[in-house]
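can you look at this prediction? I've put the sequence above it.
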Amino acid sequence: MILRVGILGVSEGNGHPYSWSAICNGYSKTEILNCNYPEIIHYLSKEKWPESKIKGVRITHIWTQNIQVSYQIAKATFIQNVVQYPCEMIGSIDAVLLARDDAENHYELAKQFIEFGLPIYIDKPIALNMKDLYKLMEIQKYSGQIFSCSALLFSENLKLSQKQNIEIGELKTINAVSPKRWKTYSIHLIETVLNIVNSPFDPVKCCSYRNRLGGEILYLRFPEGPEVIFNCLGKNVKSKIKFDIFGNNGSCCLEFSDTFFSFKSALNHFFDMVRNEKFVNYQGRYEKCVKIIEMI
């Protein structure tokens, strides 16, 4: 049985409607050149097609705010149905991907699909404040209906090995760096750091500020744990996402580079829950992340 999936929306600087659709459907090597995201073209071109597609899943419907963009994405990633209104896909799909990372618009776009009972993957960050997070959670029809994450949680490059843990020793400081804005990219740093620190305690804010380049920096500390510096450099600074980790014995640097693997793994995790009807409630994790996002 093929899982039928609808994809929703575009937002500035976010190519997920192209990449997520390509990972599910494959893509046209000529039409994808119109997507204006050279990094997506690059990592898709390194895979074998159609072997690299997610099996048993098909993006069958697309809606974006601009119907010409919808047709462009559909043509590039073999989506059969372009709809003028989001509600038109309800009844013809089994799940939804909300591929916009402007979190302030998530509730209005997701609401009708959640109320209909469809499982939904909401692009990161799920929300920018606790009020908006709880507003989404409260309309769920069943526990775990809403899924959201930074795909970096699935990156093999951002996991400390047993050997690295021994070499680092007790965690003292983590410097986490990413390009772009706090509102859209801090979630990548936050989820990865929470995974590395694995503390039962909520962190405490030390200070925060905005730099002259339009980026944001947050200093916090974990009770009985390390101090962490989150640094989102701003949209005009080029950088990879990386984590400099320091302990009482040594240090290491983790750098994100397995984009396709991470996106595919995150999507597969969601689709497996849908196929098996075994939905996991991640609300506790969402709350920890959004509390940190709110600190800026």
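It's in.

now the worst-scoring helix or strand of the chain on mean pLDDT, how far from the centre of its chain.
Ranked by mean pLDDT, DSSP states H and E, the weakest helix or strand in the chain is strand 204-210, scoring a mean of 91. Offset of strand 204-210 from its chain centre (C-alpha atoms, centre = their mean, to the nearest Å): 24 Å.

now do it: which elements does it pack against?
strand 216-221 (3 or more C-beta pairs under 8 Å, 6 or more residues apart in numbering; DSSP states H and E). Where C-beta positions appear, they are placed from N, C-alpha and C, glycine not excepted.

could you give the angle of the strand it packs on to strand 204-210?
160 degrees (axes from the mean of the first three to the mean of the last three C-alpha atoms, to 10 degrees).

tell me the helix or strand right after strand 216-221.
Next in sequence after strand 216-221, counting helices and strands by DSSP states H and E, comes strand 227-232.

how far off strand 216-221 does that following strand point, in degrees?
Here the directions of strand 227-232 and strand 216-221 differ by 170 degrees (the same axes, to 10 degrees).

moving C-terminal of strand 227-232, what's the next helix or strand?
Next helix or strand after strand 227-232 toward the C-terminus (DSSP H and E): strand 242-247.

partners of that next one in the sheet?
strand 171-178 (antiparallel), strand 251-255 (antiparallel) (DSSP bridges).

can you say which of those strands is nearest to Arg210?
strand 171-178 (15.0 Å; C-beta to C-beta).

ranges for the helices of the chain?
Secondary structure of the chain by DSSP state H: the helices cover 16-25, 38-45, 67-77, 106-116, 130-137, 162-168, 182-197, 259-276, 283-293.

return the most buried member of those helices.
Counting by mean count of other C-beta atoms under 10 Å, helix 16-25 has the highest mean neighbour count of the helices of the chain, with a mean of 26.

which helices and strands sit right next to that one?
Against helix 16-25 (3+ C-beta pairs under 8 Å, 6+ apart) you get strand 3-8, helix 38-45, strand 57-63, helix 67-77, helix 259-276.

of the strands paired with strand 242-247, which stretch is the most buried?
Ranked by mean neighbours (mean count of other C-beta under 10 Å), those are led by strand 171-178, with a mean of 20.

from memory Leu33 sits against Ile41, does it?
Yes: Leu33 is within contact range of Ile41, at 6.7 Å (criterion: C-beta atoms under 8 Å).
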